[in-house]
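Student: Sequence plus the predicted model coming up.
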Amino acid sequence: MAKYIQGSITRHLLVMTASATTGLMVMFLSDLVDIYFLSLLGEVEIAAAVGFAGSIMFFTISLNIGLAIACSALVSKAIGSGDVCASRETVTYSSISALVITIPLTIIIWFYIPTLLSWLGADGQALIFASQYLRIIIPSMPILALVMSAGGVLRARGDAKEAMWLTMIGGIVNVILDPIFIFDFGFGLGVEGAAIATVLSRVAMLGFALYVIVYRYRLLSIFVFARYKQQFSAYLTVAIPAVLTNLSTPIGIAYITYALAQFGDSVVAGNAIISRIQPVAFAGLFALSGVVGPIAGQNFGANKLSRVHTTLQESIRLVFIYCLAISALLWLGQSLIVPLFNASDEANELVYLFCNGISLMFIFNGLTFT
């Protein structure tokens, strides 16, 4: 069951990162498709609204990535030690902990959506569109928490294929449903339609996650409150720093959105496009951040500390190689990428700036994640 405690660390990193990147790429591409389809409606306020909403969405996704890292690290340690019962307990209690954390946060964020958007600089029609979008999506945040924790469990087991399909299913469902819910030939719901498609994609992912973890692998245990209290403390020890690290990026993006809002909706729309390109282009970094924990965790659980150090060293090397390669591709392909979004000249100028070298700054994000 502990696949990472032997064999090449570099190979484990490459295989698991590649599969996780494929799944994340499809999921992030669905977000990019969201803004592409909405841009076809021809209203700059809609693109700006997605930009404002995207800052809050990125915050919730990054929070859940941090919780998933905690889950995968603890589960992989239990797997590395060879304790099957402990593995089942850890999966169960980590999933419950993710709900305990995200449900109250969901309620708070939902009630303060207009306030949060106003803090980011949204007003007028852009504020209305962004509020409509988030009112529908934010209640599904606990579903996403369970889905991403399930992905962490699958990576902790070394199940690259299932972890990849978990995220791919969500992206595929979203891409299929987007035009049906957004445009007049379907339900014609516009921004709200894009939000509904996203929620349904998360439900589809949860269905697959429950099938794999509960039915196929039977990784759940009976809930015992006394044991849960002990597990919750261990969970928080890993989750808090993981969450804070992952939140650094969305907090920075939220500040940038606030700073750009004074220059008008066209500039915010340009930033929205960049914010959707970034996760797609650098999905490998997000994938790597979710892979390092399970590989290091299994070896830590098996007391193979030299392999833990090797995992960190090889991960840092991969960050540099990946970021240099992706930044080069963005620079070479900018003339094809920028015109896709039918944006204003001001918006395009920002996207060109990003493709012309600013993207290299993601090296520092990658090092932080790792």
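Tutor: The structure has been received and is ready for your questions.

Student: Residue ranges in the stretch 51-200 of the chain under the pLDDT threshold?
Tutor: The model of the stretch 51-200 of the chain has no residue with pLDDT under 70.

Student: what about the helices in the stretch 1-150 of the chain?
Tutor: Taking DSSP state H, counting those that start in this stretch to define them, one finds helices in the stretch 1-150 of the chain at 9-39, 44-81, 84-111, 113-119, 124-137, 141-157.

Student: Which one of these lies nearest to L340?
Tutor: L340 lies closest, by CB to CB, to one member of the helices of the stretch 1-150 of the chain: helix 9-39, at 6.6 Å. Every C-beta, even on glycine, is put in place using the N, C-alpha and C of the backbone.

Student: Determine the set of other helices and strands touching the closest one.
Tutor: Applying 3 or more CB pairs under 8 Å, 6 or more residues apart in numbering; DSSP states H and E, we find helix 9-39 packed against helix 44-81, helix 141-157, helix 160-182, helix 191-210, helix 265-281, helix 283-301, helix 305-337.

Student: So for stretch 75-92, what gets flagged as buried?
Tutor: Under the neighbour-count criterion of 16 or more other CB atoms under 10 Å, stretch 75-92 has 75-81, 86-92 buried.

Student: Ignore what I typed, I meant stretch 293-311.
Tutor: So, applying 16+ other CB under 10 Å, buried residues of stretch 293-311: 293-302, 304, 307-308, 310-311.

Student: which one in these is the model shakiest on?
Tutor: Lowest pLDDT of these: G293, 80.

Student: Enumerate every residue touching that residue.
Tutor: By CB atoms under 8 Å, 6 or more residues apart in numbering, the residues touching G293 are 69, 72-73, 76, 152, 156.

Student: State the distance from the closest residue to it other than its chain neighbours to L166.
Tutor: What sits nearest to G293 in space, not counting adjacent residues and going by CB to CB, 6 or more residues apart in numbering, is A73, at 4.0 Å. Computed as CB to CB, to the nearest Å, the A73 to L166 distance reads 18 Å.

Student: related to what we said a few turns ago, CSV for the buried residues of stretch 75-92, including distance to V203?
Tutor: Output for the buried residues of stretch 75-92, formatted as CSV (distance: CB to CB, whole Å):
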residue, distance to V203
V75, 24
S76, 27
K77, 31
A78, 29
I79, 28
G80, 33
S81, 34
A86, 30
S87, 27
R88, 25
E89, 27
T90, 25
V91, 21
T92, 21
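
Student: hmm, back to that, test my guess that the residue nearest to G293 contacts V291.
Tutor: No - A73 is not in contact with V291 according to CB atoms under 8 Å; the separation is 11.1 Å.

Student: Show me which of the two is the more surrounded one.
Tutor: Ranked by neighbour count (other CB atoms under 10 Å), A73 and V291 place V291 first, with 33 against 28.

Student: Could you check how many residues crowd around the residue nearest to the more buried one when sequence neighbours are not counted?
Tutor: Leaving aside its chain neighbours, V291 sits nearest to M16 (4.4 Å; criterion: CB to CB, 6+ apart). Look at M16: counted by other CB under 10 Å, it has 25 neighbours.

Student: Work out for me the element A343 sits within.
Tutor: For A343, there is no helix or strand it lies in under DSSP states H and E.

Student: Surely it touches G270?
Tutor: Yes - between A343 and G270 there is a contact at 6.3 Å, judged by CB under 8 Å.

Student: Quickly list what's touching both of these two.
Tutor: Common neighbours of A343 and G270 (CB under 8 Å, 6+ apart) are V351.

Student: So which of the two has more stuff around it?
Tutor: Between A343 and G270, counted using other CB under 10 Å, G270 has the larger neighbour count: 29 against 22.

Student: which SS class is the nearest residue to the more buried one once chain neighbours are set aside?
Tutor: Nearest non-adjacent residue to G270, counting by CB to CB, 6+ apart: A347, 3.2 Å away. When classified by DSSP: H, G, I helix; E, B strand; the rest coil, A347 comes out as helix.

Student: can you count the residues close to A347?
Tutor: 28.

Student: shouldn't it be in contact with S275?
Tutor: No - assessed by CB under 8 Å, A347 is found out of contact with S275, at 12.0 Å.
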